[in-house]
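Enquirer: Could you look at this predicted model? Sequence included:
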4 protein chains.
Amino acid sequence: MSHQVAFIGLGNMGGPMAANLAGKGFAVTAFDLSEQALIRAAEAGCATSGDPHAAVVGADFVVTMLPSGPIVEAVMVAQGLLDSIPARALIIDCSTVSPDDSRRVAKAAGERGLRFIDAPVSGGTAAAAAGTLSFMCGGDGADVDRARPVLGAMGANVFHAGDHGAGSVAKICNNMLLAVHMIGTAEALQMGVNNGLDPRVLSDIMLKSSGCNWSLEKYNPYPGVMANVPASKGYEGGFMVNLMLKDLGLALETAKTSESAVPMGALAQSLYAMLKHSDRELGGKDFSSVLRLFQ
Amino acid sequence: MSHQVAFIGLGNMGGPMAANLAGKGFAVTAFDLSEQALIRAAEAGCATSGDPHAAVVGADFVVTMLPSGPIVEAVMVAQGLLDSIPARALIIDCSTVSPDDSRRVAKAAGERGLRFIDAPVSGGTAAAAAGTLSFMCGGDGADVDRARPVLGAMGANVFHAGDHGAGSVAKICNNMLLAVHMIGTAEALQMGVNNGLDPRVLSDIMLKSSGCNWSLEKYNPYPGVMANVPASKGYEGGFMVNLMLKDLGLALETAKTSESAVPMGALAQSLYAMLKHSDRELGGKDFSSVLRLFQ
Amino acid sequence: MSHQVAFIGLGNMGGPMAANLAGKGFAVTAFDLSEQALIRAAEAGCATSGDPHAAVVGADFVVTMLPSGPIVEAVMVAQGLLDSIPARALIIDCSTVSPDDSRRVAKAAGERGLRFIDAPVSGGTAAAAAGTLSFMCGGDGADVDRARPVLGAMGANVFHAGDHGAGSVAKICNNMLLAVHMIGTAEALQMGVNNGLDPRVLSDIMLKSSGCNWSLEKYNPYPGVMANVPASKGYEGGFMVNLMLKDLGLALETAKTSESAVPMGALAQSLYAMLKHSDRELGGKDFSSVLRLFQ
Amino acid sequence: MSHQVAFIGLGNMGGPMAANLAGKGFAVTAFDLSEQALIRAAEAGCATSGDPHAAVVGADFVVTMLPSGPIVEAVMVAQGLLDSIPARALIIDCSTVSPDDSRRVAKAAGERGLRFIDAPVSGGTAAAAAGTLSFMCGGDGADVDRARPVLGAMGANVFHAGDHGAGSVAKICNNMLLAVHMIGTAEALQMGVNNGLDPRVLSDIMLKSSGCNWSLEKYNPYPGVMANVPASKGYEGGFMVNLMLKDLGLALETAKTSESAVPMGALAQSLYAMLKHSDRELGGKDFSSVLRLFQ
């Protein structure tokens, strides 16, 4: 008998994640406010429901993939979904939220005798479709282990970062660092070009030197250096500036709360905010378009 | 018959580089102002000379490894070494200098009919001793090819970055990017720790995620995460704060000259200057000690 | 017959503010959790109460001066003080809180038919004692006018910034700008000194030139340039680093919420966080001690 | 008998400065490479010369106002003007140059027995025309005193900052601080507007509070807040972005040379470089247009 999974939130990420679960043999009941999203989920083999309270009936796992922490909290607490979830179910929140948000929902779940882990993802829509996401989990080790079959059906890596909220902390730290080396890479390449270097040659050199980083290796921001990256396709697709700006906002909030000094991370937030303001259309472009600030 | 190499400048980098050349069968005549350095060079199999003009007699290659661009220019032009170098010799300047400095010396050499390339290195004293340096070369392609046997005896990689000065540009861009991702890595790790994460676990997660970069992979700045890196040895050894500050100074100068915007690079220079000012002793510690600013 | 004022929160700021109100003839009933604070308030001519619900009975004005927005909200909503305040009273919140916090409390007050303005202050403990604070008010113009006699007894300036929350926005913008020019002033003075200038002479020049700003004019951060400022008294007294860091945290939160780009403000937050981390004792020193980062 | 002044460099600043000297009764012989500039100088009452060596014959004072330090050095040393200047003349260099440039020219002058002061100006073209410039002087006190009548004919303030180069240091520190508080003011005003405040109201509040600074008081960057400033005239006129970028380049160079930490100043250089790159036309607009980065 297969495991019952209730999947709440079928957007650009949640839709393909639920489809992968169904494709791997889980019995998925999917919920979203969008009729369109429900139709696509049904085509992918999910049962669907227009009511989240109905969707969680009989669930072994409840996976949530929602746009923000306040929305997760509203659905779970204010709208009372926690009161409908069966006692045996494990709640897996894959949304990108602040550590404090994670901890508050974990606490509310615990007060009702429910198990909860935060499990935000890294990898974007392409990895969601391919089932190669990374999950950064916070919560009890036994709960993370229990979630592994479910997460493994949607991704390639499952990390246990620590207690409740630690998954969110890890996600935020990683994406802050990603923003920093992406901007640093863009600065270095453009300064090289301004001084007469070919961006391909400079990229090759830095790839084999101490400047090497993920942005340079997988995601070169200079148009024409790598095929099949957003920079070579007018910065279409990929990971939107708006989403990076959201993640950097969570980084600033986390820095504020913990009185952490993140000068590079804070500058990154400012630069992405400037990028978005410089041309409203850029908010929907890939985050490697930050190179444009330096051209 | 082996090639004659005159080697000018036998410091922490130049000393082992000259020794490697001699060890690989080149006939090296070494010069330095320090008697001690000359004794060590002789022990490594170099002929030595207390006069640079005598050292270059009969040379096929003149390799310079000096502390700064103004010193290279003073030795070559003001002190007239260019007038002593034989017409057939190729000059290879491995010093870290500004692109403008490189171009001026290249021009002065060209006016005397001499060939010149800039070939600054990446890798530090350990790579100098092991003969695994990377060389970033600027100048004519034929000259770079002619230098390959010499450079190959001292290093593992030889890159041709472009025209005169391009080697210096590539070195400066690479080290600026290195500083940026080192600081970004330190910020991310410390913010994680401030929020209760284990720096080893967070490092593992980011290594397999989009935050991955050379600092995290080879040179983790958090004490105790990796063995055998400066962070786990009281920040001793490695690449000194003072030297990183010098390279970032060259980056600012290059940014100024080319009116490039390098917000992350400029912030890195300020942070390293603050680090040095916070405790004079730190200037001689490894550059991964920048983590201390955030603790 | 004099106006009845309930004063909630008798800390370093609230204590002298309540005393000034009593000294100017208002009938003040003061509340704080601290017995000591109540004794001092009684000595200054206030009636006192150990119960906030009792303190607001019969009040025409309820002034709150509490450590943070969540505390204001907890007192007003969760602990139900809004339900004890008489319908005719005007609530004046002088606490430094986020604009969203202000708006939420204003809304909760409005739902109970109560009038509310946010009125955070500028000027510090010295101005609180001297009765020369500035109040930045958000809310209805008629309510601000009604508050003027009360605020005028505690301060020298009353500004109407706009709707609910606008007082908090103005306070946050002002203090962010203060942090920026204080740090800029410290950088400029120290760079001058590093290049051989006398900080007094350089201060005089910039005071009469386009670099002029409040920090330079009233609050020179270089020891010995001005008498009677914290910099000349070991950075004792004045406006603590911890408080500036709190205000800059509110600035980051406001920037995040409104997707504003504040690169200088964000850098200021990082620098104050580094300052505090560099030496825990500095958190309690005056904010002009940021100069030490550059020495 | 009036003093003889040779004036070298009749650009946007030098032209009106020479005219003011002539108008105040000095016997001015003016030189520039531009025929147009010479015609205007003649109309203003100057004698003119197409040869700088001829222009300095018989001079009591030689005033230079040239575009950069290397140009000053080229004219004085390489082109040999120092060898033509009479022994009794005092050289007053009003150009904006690096402190090292000033010191090198001072040394070259001294070697020929000539007196020299650096005297860069603050105030822009409007102050040059009105004769209300500020001069920041470096050199011997007696020489500065001797220059006062000449400088007083062109400006309102004469400061003695210290030894040779100190005038340039003071100018650079002041303008760096100006850039910092201008950007800080723009950030604060825009964040206020993004949160619903009227920029006029917020400006009024901050003018009377601790955020007060020269940019806010004399040069508000938000369009429509002050009449007769560049922000209210499409950012036309005033102090060009290109010139601020040049001054910030000198600040970075000075920070590099003295290993000073200027995080705000370095960020300012990056932001002005980004501003210029965002729209080439902006290089010729007033520096208060930095607000556009945040809109």
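Expert: Great, that's in hand.
Enquirer: Get me the contact residues on the stretch 151-295 of chain A for chain D.
Expert: A:263, A:267, A:274, A:277-278, A:293-295 (Cβ under 8 Å from any Cβ of the partner chain). All C-beta atoms are positioned from the backbone trio N, CA, C, and that covers glycine.
Enquirer: switch the cut-off to 10 Å
Expert: By Cβ under 10 Å from any Cβ of the partner chain, the residues of the stretch 151-295 of chain A that approach chain D are A:187, A:190, A:194, A:263, A:267, A:270-271, A:273-275, A:277-279, A:292-295.
Enquirer: give me the residue from the stretch 101-250 of chain A nearest chain C.
Expert: Nearest residue of the stretch 101-250 of chain A to chain C: residue A:249, at 4.0 Å (Cβ to the nearest Cβ).
Enquirer: still on that earlier bit, what about chain C: which of the residues of the stretch 151-295 of chain A next to chain D touch it?
Expert: Residues of those in contact with chain C (Cβ under 10 Å from any Cβ): A:263, A:267, A:270-271, A:273-275, A:277-278.
Enquirer: Can you tell me the element residue A:45 falls in?
Expert: Using DSSP states H and E, no element contains residue A:45; it sits outside every helix and strand.
Enquirer: picking up where we left off before, and the helix or strand hosting the residue of the stretch 101-250 of chain A closest to chain C, average pLDDT?
Expert: Under the criterion of DSSP H and E, residue A:249 resides in helix A:241-257. Mean pLDDT, helix A:241-257: 92.
Enquirer: ok, now which ones touch the nearest residue to the residue of the stretch 101-250 of chain A closest to chain C once chain neighbours are set aside?
Expert: Take residue A:249 and drop its neighbours on the chain: the residue closest to it by Cβ to Cβ, 6 or more residues apart in numbering or on different chains is residue C:256, 4.0 Å away. Going by Cβ atoms under 10 Å, 6 or more residues apart in numbering or on different chains, residue C:256 touches A:245-246, A:248-253, A:256, A:269, A:273, C:262, C:266.
Enquirer: ChimeraX command for the buried members of those residues?
Expert: The following ChimeraX line selects those of those that are buried, judged by 16 or more other Cβ atoms under 10 Å in any protein chain shown:
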select /A:245,246,248,249,250,251,252,253,256,269,273 /C:262,266
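Enquirer: Just give me the closest of the contacts of residue C:256 to chain B.
Expert: Set against chain B, the nearest of the contacts of residue C:256 by Cβ to the nearest Cβ is residue A:251 (7.7 Å).
Enquirer: and the helix holding residue A:249, C-alpha only, in PDB?
Expert: Taking Å, rounded to 0.1, in the frame of the first residue of the first chain, the C-alpha atoms of helix A:241-257 are listed here in PDB:
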ATOM      1  CA  VAL A 241      15.700  38.800  -9.600                       C
ATOM      2  CA  ASN A 242      12.400  39.100  -7.600                       C
ATOM      3  CA  LEU A 243      13.000  35.800  -5.900                       C
ATOM      4  CA  MET A 244      16.600  36.500  -5.100                       C
ATOM      5  CA  LEU A 245      15.500  39.900  -3.700                       C
ATOM      6  CA  LYS A 246      13.000  38.000  -1.500                       C
ATOM      7  CA  ASP A 247      15.700  35.600  -0.200                       C
ATOM      8  CA  LEU A 248      18.100  38.500   0.500                       C
ATOM      9  CA  GLY A 249      15.200  40.200   2.400                       C
ATOM     10  CA  LEU A 250      15.100  37.100   4.600                       C
ATOM     11  CA  ALA A 251      18.800  37.200   5.000                       C
ATOM     12  CA  LEU A 252      18.600  40.800   6.200                       C
ATOM     13  CA  GLU A 253      15.800  39.900   8.600                       C
ATOM     14  CA  THR A 254      17.900  37.000   9.900                       C
ATOM     15  CA  ALA A 255      21.000  39.200  10.200                       C
ATOM     16  CA  LYS A 256      18.900  41.800  12.100                       C
ATOM     17  CA  THR A 257      17.400  39.300  14.500                       C
END
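Enquirer: what's the angle between it and helix C:241-257?
Expert: 160 degrees (axes from the mean of the first three to the mean of the last three Cα atoms, to 10 degrees).
Enquirer: name the helices or strands packed onto the worst-scoring helix or strand of chain A on mean pLDDT?
Expert: When the helices and strands of chain A are scored by mean pLDDT, DSSP states H and E, helix A:124-130 comes last with a mean of 89. The elements that helix A:124-130 packs onto, with contact taken as 3 or more Cβ pairs under 10 Å, 6 or more residues apart in numbering or on different chains; DSSP states H and E, are helix A:14-23, strand A:133-138, strand A:155-162.
Enquirer: make it 6 Å
Expert: helix A:14-23 (3 or more Cβ pairs under 6 Å, 6 or more residues apart in numbering or on different chains; DSSP states H and E).
Enquirer: buried residues in the next helix or strand after the helix it packs on?
Expert: Sequence order places strand A:27-31 as the next helix or strand after helix A:14-23, per DSSP H and E. Neighbour-count burial for strand A:27-31, counted by 16+ other Cβ under 10 Å, picks out A:27-31.
Enquirer: Could I get these in a markdown table, plus columns for pLDDT and distance to residue D:61?
Expert: A markdown table is the format used below for these (pLDDT from 0 to 100; distance: Cβ to Cβ, whole Å):
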| residue | pLDDT | distance to residue D:61 |
| --- | --- | --- |
| A:27 | 96 | 94 |
| A:28 | 97 | 88 |
| A:29 | 97 | 90 |
| A:30 | 97 | 86 |
| A:31 | 96 | 85 |
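Enquirer: tell me which of those residues is nearest to chain C?
Expert: residue A:31 (28.8 Å).
Enquirer: So that closest one is in contact with residue A:53, correct?
Expert: No. Counting by Cβ atoms under 6 Å, residue A:53 is not a contact partner of residue A:31; they are 9.2 Å apart.
Enquirer: Give the next helix or strand downstream of the helix holding residue A:249.
Expert: Once the chain leaves helix A:241-257, the next helix or strand it forms, by DSSP H and E, is helix A:263-278.
Enquirer: which other helices and strands contact that following helix?
Expert: Short answer (3+ Cβ pairs under 6 Å, 6+ apart): helix A:263-278 packs on helix A:166-194, helix A:241-257, helix B:166-194, helix B:263-278, helix C:263-278.
Enquirer: you'd agree residue A:220 is in a helix?
Expert: No. Counting by DSSP: H, G, I helix; E, B strand; the rest coil, one finds residue A:220 to be coil, located in no helix.
Enquirer: got a pLDDT number for the residue lying closest to it once chain neighbours are set aside?
Expert: Closest residue to residue A:220 apart from its sequence neighbours, by Cβ to Cβ, 6+ apart: residue A:226 at 4.4 Å. On pLDDT, residue A:226 comes in at 96.
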